[in-house]
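Asker: below are the sequence and a predicted model for it; my questions follow.
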Amino acid sequence: MKFINYLESITGISVYPMASLLIFVLFFTAVSIWVTRVDNGLISHMGNIPLDDNNEK
């Protein structure tokens, strides 16, 4: 028996693909909005963290 046959026998299984798509779209939208609004100084600071020899926090 193929795996698709097991999925077809589960009632309400069609909710999960829609829920995962909704979560992905919300996360992608939130990250996109954050990227467009974030300060360039913060991006510069975060980019230089691996290169800093100081142990400042």
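Answerer: In hand now; what should we look at?
Asker: which helix of the chain spans the most residues?
Answerer: If you go by DSSP state H, the chain has its longest helix at helix 15-37.
Asker: report pLDDT for residue 56.
Answerer: The score at residue 56 is 60. That number is its pLDDT.
Asker: what does residue 43 give?
Answerer: 89.
Asker: same check, this time on residue 51
Answerer: Looking at residue 51, its pLDDT reads 83.
Asker: so where is the protein shaky, pLDDT-wise?
Answerer: The model of the chain has pLDDT under 70 over residues 1, 55-57.
Asker: tell me, what residue is most central in it?
Answerer: Nearest to the geometric centre of the chain sits residue 27, at 5.0 Å (Cα atoms, centre = their mean).
Asker: any figure for the gap between it and residue 46?
Answerer: 20 Å (Cβ to Cβ, to the nearest Å). Glycine gets a C-beta too; all of them are placed from N, C-alpha and C.
Asker: also residue 34?
Answerer: Distance, residue 34 to residue 46, by Cβ to Cβ: 13 Å.
Asker: now swap in residue 31 and tell me
Answerer: To residue 46, residue 31 is 15 Å away according to Cβ to Cβ.
Asker: do residue 54 as well
Answerer: Counting by Cβ to Cβ - residue 54 and residue 46 are separated by 15 Å.
Asker: which of the two has more neighbours?
Answerer: Under the criterion of other Cβ atoms under 10 Å, the comparison of residue 54 against residue 46 puts residue 46 first, with 10 against 5.
Asker: for residue 11, what are its contacts?
Answerer: By Cβ atoms under 8 Å, 6 or more residues apart in numbering, residue 11 lies in contact with nothing.
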